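Peer 1: what shape does this take:
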Amino acid sequence: MRVFTTADFQKNVDACVGVDDAVVFDASSLEVEFIDLGLDSLAVYEVFTRLEEDLGFPIPDEDIDNLKTLGAVLKYVEGRLAEAQ
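Peer 2: This is a model prediction of the structure:
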């Protein structure tokens, strides 16, 4: 089974907002909301669009609206990857 990590998420954020402006995601930011880390709603949707391409499955808008932290995204993607098995 494919594993999705914090580094995978970071790669997608960096591609959307640029490395110079990117937020650094690590264990301390797992439960901090994206908006509090400096990602506005447009940046979040751009990241999720890239994630859909990277992961190979769609993420419905209503799911995106509920995924407000890195921890929630990691759990969500883990579940979706497990379903695909």
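Peer 1: contacts for the helix or strand containing residue 73, please.
Peer 2: Using DSSP states H and E, residue 73 maps to helix 70-83. Residues from elsewhere that reach helix 70-83 (C-beta atoms under 8 Å, 6 or more residues apart in numbering): 1-6, 9, 25, 29-32, 34, 51, 55, 57, 59, 63, 66-67. (Each C-beta comes from the backbone N, C-alpha and C, glycine too.)
Peer 1: that one: which residues count as buried?
Peer 2: 70, 72-74, 76-77, 81 (16 or more other C-beta atoms under 10 Å).
Peer 1: tell me how far that helix lies from the chain's centre.
Peer 2: Remark: helix 70-83 is offset 10 Å from the chain centroid, using C-alpha atoms, centre = their mean, to the nearest Å.
Peer 1: alpha carbons of it, as CSV, please.
Peer 2: Coordinates of each C-alpha in helix 70-83 appear next as CSV, following Å, rounded to 0.1, in the frame of the first residue of the first chain:
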residue,chain,number,x,y,z
LEU,A,70,-2.5,18.3,8.2
GLY,A,71,-3.5,15.6,10.7
ALA,A,72,-6.9,15.5,9.2
VAL,A,73,-5.5,15.3,5.7
LEU,A,74,-3.1,12.5,6.6
LYS,A,75,-5.9,10.4,8.2
TYR,A,76,-8.3,11.1,5.3
VAL,A,77,-5.7,10.1,2.6
GLU,A,78,-4.7,7.0,4.6
GLY,A,79,-8.3,5.9,4.7
ARG,A,80,-8.8,6.6,1.0
LEU,A,81,-5.7,4.7,0.1
ALA,A,82,-6.8,1.7,2.2
GLU,A,83,-10.2,1.7,0.4
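Peer 1: now it: mean pLDDT?
Peer 2: The average of the pLDDT scores along helix 70-83 is 96.
Peer 1: now the buried members of the contacts of helix 70-83.
Peer 2: Burial by neighbour count, judged by 16+ other C-beta under 10 Å, picks out 4, 6, 9, 25, 29, 34, 51, 55, 59, 67 from the contacts of helix 70-83.
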